[in-house]
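Asks: Let's see this in three dimensions:
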Amino acid sequence: MYPAFTHYHYELKRQVLALTGKIRIYGPDGSLALYSEQKMFKLREDIRAYEDESKNRELLWIQARQVIDFAAAYDVVDSTIGQKIGALRRKGWRSLTQDTWEILDPFDQSIGMLHEDSLGRALLRRLLLGTLLPQQYDLLLSDGRAAASFRQHFNLFRYALALDFRAEVEGFDRRLGLAAGILLAVIEGKQQN
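Replies: Just a heads-up that it's a prediction; the model follows:
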């Protein structure tokens, strides 16, 4: 597996004041692990993650299956081997009150859920506090094991998210977790604009 996908902790930062969603993901030592950029003027979401900002080596490709879809599904492809590694599907109605994503394997079978911390806090964010109350997400596998947690840092001027993967959880592909973090940052950016 490519070295950028082997860490247990990442810091994701979304650039503000950019025409496209530009996201930098840093490894535990503070070095750039991935650089992601959303393609402009595409009817379907098209997000690429690269080894660095030169964009010479594409590592991940995240693409929406349909142009407009309330419960959007995004395929995640490992570009280094050209193989679909899974998908992320937003739970449409449920996500209106509390962000919820279904994690799917390469055959679209559910293997877990990514959900916002609590309904009460989610409603407070949506109705009163907005970005003043940072988001938190937990990624639980279908068997109940916690595979990762995502914690937004409070900052009025940029979106920053800590991605923590559990070292002891076998069988969860961190590439799907990183793709989920990128999607959260892109979608949150659209909701704030």
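Asks: Residue 187: what secondary structure?
Replies: Put simply, residue 187 is helix when judged by DSSP: H, G, I helix; E, B strand; the rest coil.
Asks: That one: how many residues sit nearby?
Replies: Residues within reach of residue 187, counting by other C-beta atoms under 10 Å, total 18. The C-beta positions use only the backbone N, C-alpha and C, and glycine is treated the same way.
Asks: give the contact list for it.
Replies: Residues in contact with residue 187, defined by C-beta atoms under 8 Å, 6 or more residues apart in numbering, are absent; none qualify.
Asks: Can you tell me the closest non-neighbouring residue to residue 157?
Replies: Using C-beta to C-beta, 6 or more residues apart in numbering and skipping the chain neighbours, the partner closest in space to residue 157 is residue 16 (6.4 Å).
Asks: Show the low-confidence segments of this protein, by residue range.
Replies: Filtered on pLDDT under 70, the chain yields the residue ranges 1, 17-21, 40-43, 68-71, 92-98, 118-133, 155-156, 188-193.
Asks: can you give me the strands for it?
Replies: With DSSP state E, the ranges of strands along the chain come out as 9-14, 22-26, 32-38, 46-50, 58-64, 73-78, 83-90, 100-104, 110-116, 136-141, 146-153, 159-165.
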